[in-house]
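>>> give me a 3D structure for the following:
(chains A, B, C and D)
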Protein chains: 2
Amino acid sequence: MTNRIARHAVPAPAERPVEPDPHAAPYRLDEQIGFLLRRANQRHLAIFAAGMGAGSQGDGHDLTPMQWAVLAKLEEEGATSQNRLGRLAAMDGATVKGVVDRLTERGLVDTRADPDDRRHRVVALTAAGRRLVARSRLAAAAITEDTLAPLSAAEREALLALLRKLA
Amino acid sequence: MTNRIARHAVPAPAERPVEPDPHAAPYRLDEQIGFLLRRANQRHLAIFAAGMGAGSQGDGHDLTPMQWAVLAKLEEEGATSQNRLGRLAAMDGATVKGVVDRLTERGLVDTRADPDDRRHRVVALTAAGRRLVARSRLAAAAITEDTLAPLSAAEREALLALLRKLA
DNA sequence: GGCCGATCATTTGTGTACGAACTAACTGAA
DNA sequence: TTCAGTTAGTTCGTACACAAATGATCGGCC
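Model prediction:
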């Protein structure tokens, strides 16, 4: 669990900061919602990589968050077009393609043409993909749990509700 | 303000989902903290791009969130080493380099050697960089405001506090 | 029945993100 | 002082993320 970022106390600045314009509104990067969202997400990604990444003691998931999202959605929804998959997993078409390509190379999903609409490419889990999802369920739940560990049950609910409102 | 992702109602699935194992714990991707964090961040990034991106009605900021974070931190703290800048702005060394390189190409920052420690490369705002930061302050504040728009003042405070706890 | 706008997939290009491996430089203890 | 451990920066490789442009296909409307 590396997470080399901002994990230590920051040492004193090398030189005195430029005095800001006293008329300017105060703007502290660390107080902005964007910065805090990014930090929280970073921590989550580190936890995810530790639990499902390549280095996670050979339990063999080796999935990125996006790859897991696609697999999980495919199991929830069954086979679907790339486009719908992208909407469900909240990623754009170009990104979906990359993720699906990598999953296809590993034999976890496959893609076939849709006879009803030849624009669609229908993506589905393979047997190996279904097995991997089944094996990874617990790890995924543990990642959610670890990410929320600093919060009480009430705080967790509040945070999820606020984030849903924000999205 | 494009945001093509998941902006529309999702149509019915093309075929019936595979029935999940009734013994498996329920796992809904949309309820996981990671998914919600990513969605919230996506929306923020779209708002940011609209307010400071290249297409934002020629007000000429044309900054990414990372680039803005570096510029804002440099103004808060004055000239600092790349490493410290990375810790302050919460990005790893390799990422800092890319961002600083692009800002350098645009003449917004420059880098010099530190005579006291020749490992350090000290990054500082140029005059043009300082002017751009001054011009962009209001836009940055508006982005924070727009991102938090769906929430009441109390909810905003609660969300920021919870995210701080999570980081 | 054939055109027109919308939809789907793909490609290209830019910009994060970060692990891993490497070199140069510093620092403290033997 | 010397050298082992640490730190700063760079490079490489992989994987998102998304705008924009392109080409194929569909669906409806005249």
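>>> roughly how far does the residue nearest in space to the middle of chain A sit from residue A:26?
With distances taken as Cα atoms, centre = their mean, the residue of chain A nearest its centroid is residue A:65 (3.9 Å). Applying Cβ to Cβ, to the nearest Å, the value for residue A:65 to residue A:26 is 35 Å. Bear in mind the C-beta positions are built from the backbone N, C-alpha and C, glycine included.
>>> try residue A:100
Noted for residue A:100: a distance of 46 Å to residue A:26, by Cβ to Cβ.
>>> so what pairs up with residue A:80 in the strands?
On the basis of DSSP bridges, residue A:80 takes part in beta bridges with residue A:123.
>>> surely it touches residue A:87?
No - shown here, residue A:80 and residue A:87 do not form a contact pair, counting by Cβ atoms under 8 Å, at 9.4 Å.
>>> I figured residue A:42 hits residue B:90, correct?
Yes - between residue A:42 and residue B:90 there is a contact under Cβ under 8 Å: 6.6 Å.
>>> helices of chain A, residue ranges please.
When assigned using DSSP state H, the helices of chain A occupy the ranges A:33-52, A:65-77, A:82-89, A:93-105, A:127-148, A:153-166.
>>> any regions of chain A where pLDDT drops low?
Low-confidence segments of chain A, defined by pLDDT under 70: A:1-25, A:55-60.
>>> what residue in it comes nearest to DNA strand C?
Closest contact between chain A and DNA strand C, by Cβ to the nearest atom of the strand, is at residue A:83 (2.7 Å).
>>> before we move on, back to that, out of residue A:100 and residue A:26, which sits in the busier spot?
Applying other Cβ atoms under 10 Å in any protein chain shown to residue A:100 and residue A:26 shows that residue A:100 carries more neighbours, namely 22 against 8.
>>> next up, the contacts around that one.
Listed by Cβ atoms under 8 Å, 6 or more residues apart in numbering or on different chains, the contact set of residue A:100 reads A:70, A:82, A:85, A:109, A:111, A:123.
>>> any idea what the fifth one is bridged to?
Going back to what we said before, that points to residue A:111. With DSSP bridges as the criterion, residue A:111 is bridged to residue A:123.
>>> okay, now it: neighbour count?
Here the number of neighbours of residue A:111 (other Cβ under 10 Å) works out to 16.
>>> isn't it up against residue A:104?
Yes - Residue A:111 sits in contact with residue A:104 when judged by Cβ under 8 Å, with a separation of 6.4 Å.
>>> what do the two both touch?
Residues touching both residue A:111 and residue A:104 by Cβ under 8 Å, 6+ apart: none at all.
>>> still on that earlier bit, from chain B, how far off is the residue nearest to the centre of chain A?
Relative to chain B, residue A:65 is positioned 6 Å away (Cβ to the nearest Cβ, to the nearest Å).
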